[in-house]
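Novice: Okay, sequence plus prediction incoming.
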Amino acid sequence: MTATRRELLQAALAGTAVLACPAPSQRTPEIAFVGPDPARGHRLRDAALRGAAPSERLTTKIAIVGAGVSGLAAAWRLQRAGLRDLVLLELEDDTGGTARGGSLPRSAYPMGAHYLPVPRSGFAALEALLDDLGLVTGRDENGRREYDARAICRAPVERHRHLAIWHEGLYPAAGQTGDEAAQWERFRGMLRELDGRVGADGRRLFDLPVSRSSTELRGLDEISMATWLDQHGLTSWRLRWLVDYGMRDDYGCTIDHISAFAALHHFLARGLEDTHDRVLLTWPEGNAALTTGMAALADLGDRLRLGWAVHSIEPDTGELIAHDLAAGRDIAIAAEVVLWAAPRFVLRHVLPRGTDPLGADELGYAPWLVANVEVDQAPKGTGAPLSWDNVAIDGDHLGYVVANHLEPLDRRRTPGAVLTWYEPRPAADPDGLRVRRAELLAMDEATAGAHVLAGLSSMHPGIEAHVRTIHVTRWGHGMIRPVPGLLFGPALARARAPIGRVIPCAADVGGLPLFEQAFALGVDAAEQALVRLGRPTPSML
């Protein structure tokens, strides 16, 4: 006899009950899937939307496909340049891509990306966006921007759990040997040395967007970070755990699967914490605050079409066929330029057969599970206090962020919290990724909820008695994986090359799944489009 979802969940809860503190009541939490609908993307892949004759024809100067960070950045840049003859088409019913947000009664929450380090001086476009969003409140005596304190992540920022004790920060120093401590200091010294150098070409060794990085160390893209650590005799499990955590956090990869250049870029491109003022901007809804802000600045009105699936593009003419999912009809759109700001692997399914120069498995994407858990009592634990970011050393997940960490003073006395659980699902090769993706998408709500509860309970025994609601988001292709050889290799060059009137510009064609990378690619694509239209404008990049 097959167990019901409720029975599965109750069994999972019962399995952790031995760890639970007595509670006044034991409730079964509400569980729901939120965010992108995998079935919509699969209809594009399977060509299930093709065949009907268009019932309407539209014309536009620029069609942007995809309303994630890149597509919204392009729309913002075009608005700033005074071009309003555009349409932005999005498959889902909301904007933001992997920077979407949602809400529970206790707090708003992120479904994906949840913070942005303030940009280093010289990233003019991103500085301008933050100005436009009203996040810059002034300048200090040295002319550096000062940011709205309500968006700055405050202490305590990070803690980790090791051997049932919570410790400040992320590096697990407790109990380390002299050799382990020496390796950690040597690694930090190597990072400081790299941070202080520029290449022979006058560029920073690691920069954002990644194309601005010096050519001097690009050879590191050919080896894995594990190999680089081996080469430098950095064998300490503590150091390697910290580096591996950073790779899973930013890229959904382990140190065995990640390019050494991409790994060092993680530590250095935004400025080394030891030597730079690394202010983090964050919001309860995460980077959805930035994407909704960009959408508002772009002032799109009815030029934003949500729930429209582009299933055919003629690259030589710029004609698109989009299916309005709500109305059940096809619309033809004639565009002079098409900015493809949707995931690059989807493009091959909408172009005429044989016109995409990119092979099916040349780009790899890490699947992710993100869950937002509303609890009626904020987690505690022995040792360091609850922080914004809370990590377990022995977990195959990233732990959780407290979504309501920055709430106003008058809300802090409200009981409970919303915990945003992050879990990348790395694999070594495309076949392994397909297996992990299939496992993720095959989960039903009860299975996903029980899985998240088990992970949280391992960090906070008894917490399941305080869980009210779990919202689960599944990202089948959550992050482009910067594996060895990708960033500066031929596959990525083919991925970002224009195809007729189509300019690919999502984060994946830059090789790094970072807000700054996606934003810069969208701005650059908008500026390329303006040149094609005979309306060149000074670059903001």
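Specialist: Okay, I see it.
Novice: residues making contact with stretch 170-186?
Specialist: If you take CB atoms under 8 Å, 6 or more residues apart in numbering as the criterion, stretch 170-186 is touched by 158, 160, 162-163, 165, 167, 232-239, 241-242, 245, 389, 391, 393. For glycine as for every other residue, the C-beta is placed from the backbone atoms N, C-alpha and C.
Novice: Flag every buried residue along it.
Specialist: Residues 170-172, 176, 180, 183-184 are the ones in stretch 170-186 that count as buried (16 or more other CB atoms under 10 Å).
Novice: what about that stretch, start to end distance?
Specialist: One end of stretch 170-186 to the other measures 17 Å (CA to CA, to the nearest Å).
Novice: Among the contacts of stretch 170-186, which lie within helices?
Specialist: 237-239, 241-242, 245 (DSSP state H).
Novice: In a markdown table, list those residues along with neighbour count, pLDDT and distance to Ile321.
Specialist: Shown next, in a markdown table, are the ones in helices among the contacts of stretch 170-186 (neighbours: other CB atoms under 10 Å; pLDDT from 0 to 100; distance: CB to CB, whole Å):
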| residue | neighbour count | pLDDT | distance to Ile321 |
| --- | --- | --- | --- |
| Trp237 | 12 | 98 | 54 |
| Arg238 | 20 | 98 | 54 |
| Leu239 | 21 | 98 | 52 |
| Trp241 | 18 | 98 | 49 |
| Leu242 | 20 | 98 | 49 |
| Tyr245 | 21 | 98 | 44 |
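Novice: for those, which one is nearest Gly328?
Specialist: The shortest approach to Gly328 among those belongs to Tyr245, at 46.0 Å (CB to CB).
Novice: Spit out the contact partners of the closest one.
Specialist: Contact partners of Tyr245, counting by CB under 8 Å, 6+ apart, are 170, 391, 398.
Novice: can you put those residues in TSV and add pLDDT?
Specialist: Formatted as TSV, the contacts of Tyr245 follow (pLDDT from 0 to 100):
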residue	pLDDT
Leu170	96
Val391	98
Leu398	97
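Novice: ok, which stretches of the stretch 201-350 of the chain are helices?
Specialist: 225-231, 237-251, 260-268, 288-298, 344-347 (DSSP state H, counting those that start in this stretch).
Novice: Quick one, which of those gets closest to Tyr109.
Specialist: Using CB to CB, the helices of the stretch 201-350 of the chain put helix 288-298 closest to Tyr109, at 9.0 Å.
Novice: Identify the residues contacting the closest one?
Specialist: 67-69, 72-73, 75-76, 78-79, 88, 95-97, 99-101, 108, 110-111, 116, 129, 132-133, 151, 283, 304, 515.
Novice: Quick one: mark the members of those residues that sit in helices.
Specialist: Short answer: the contacts of helix 288-298 in helices (DSSP H) are 69, 72-73, 75-76, 78-79, 129, 132, 515.
Novice: what's the burial count for the closest residue to Thr414 other than its chain neighbours?
Specialist: Spatial nearest neighbour of Thr414, excluding adjacent residues (CB to CB, 6 or more residues apart in numbering): Arg106 at 7.3 Å. Arg106 has 22 neighbours, counted by other CB atoms under 10 Å.
Novice: Got phi/psi on Arg106?
Specialist: With angles defined as degrees, to the nearest 10, Arg106 sits at phi -80, psi -30.
Novice: what would the buried residues of stretch 170-186 look like in CSV with secondary structure?
Specialist: Below are the buried residues of stretch 170-186 laid out as CSV (DSSP: H, G, I helix; E, B strand; the rest coil):
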residue, secondary structure
Leu170, coil
Tyr171, coil
Pro172, coil
Gln176, coil
Glu180, helix
Gln183, helix
Trp184, helix
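Novice: Report the two of those separated the most.
Specialist: Leu170 and Gln183, at 15.9 Å, using CB to CB across the buried residues of stretch 170-186.
Novice: Domain parsing of the chain, as residue ranges.
Specialist: 5-33+365-480, 40-98+286-360+485-532, 180-278 (automatic domain parsing).
Novice: Quick one: those as a markdown table, columns for distance to Asn142 too.
Specialist: What follows is the domains of the chain, written out as a markdown table (distance: least, CB to CB, whole Å):
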| stretch | distance to Asn142 |
| --- | --- |
| domain 5-33+365-480 | 26 |
| domain 40-98+286-360+485-532 | 23 |
| domain 180-278 | 11 |
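Novice: Out of these, which is closest to Gly138?
Specialist: Using CB to CB, the domains of the chain put domain 180-278 closest to Gly138, at 15.1 Å.
Novice: got the end-to-end distance for that closest one?
Specialist: End to end - CA to CA - domain 180-278 spans 26 Å.
Novice: Next, format the helices of the stretch 201-350 of the chain as JSON lines and append distance to Gly41.
Specialist: Putting those into JSON lines (distance: least, CB to CB, whole Å) gives the following:
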{"stretch": "helix 225-231", "distance to Gly41": "31"}
{"stretch": "helix 237-251", "distance to Gly41": "21"}
{"stretch": "helix 260-268", "distance to Gly41": "26"}
{"stretch": "helix 288-298", "distance to Gly41": "19"}
{"stretch": "helix 344-347", "distance to Gly41": "7"}
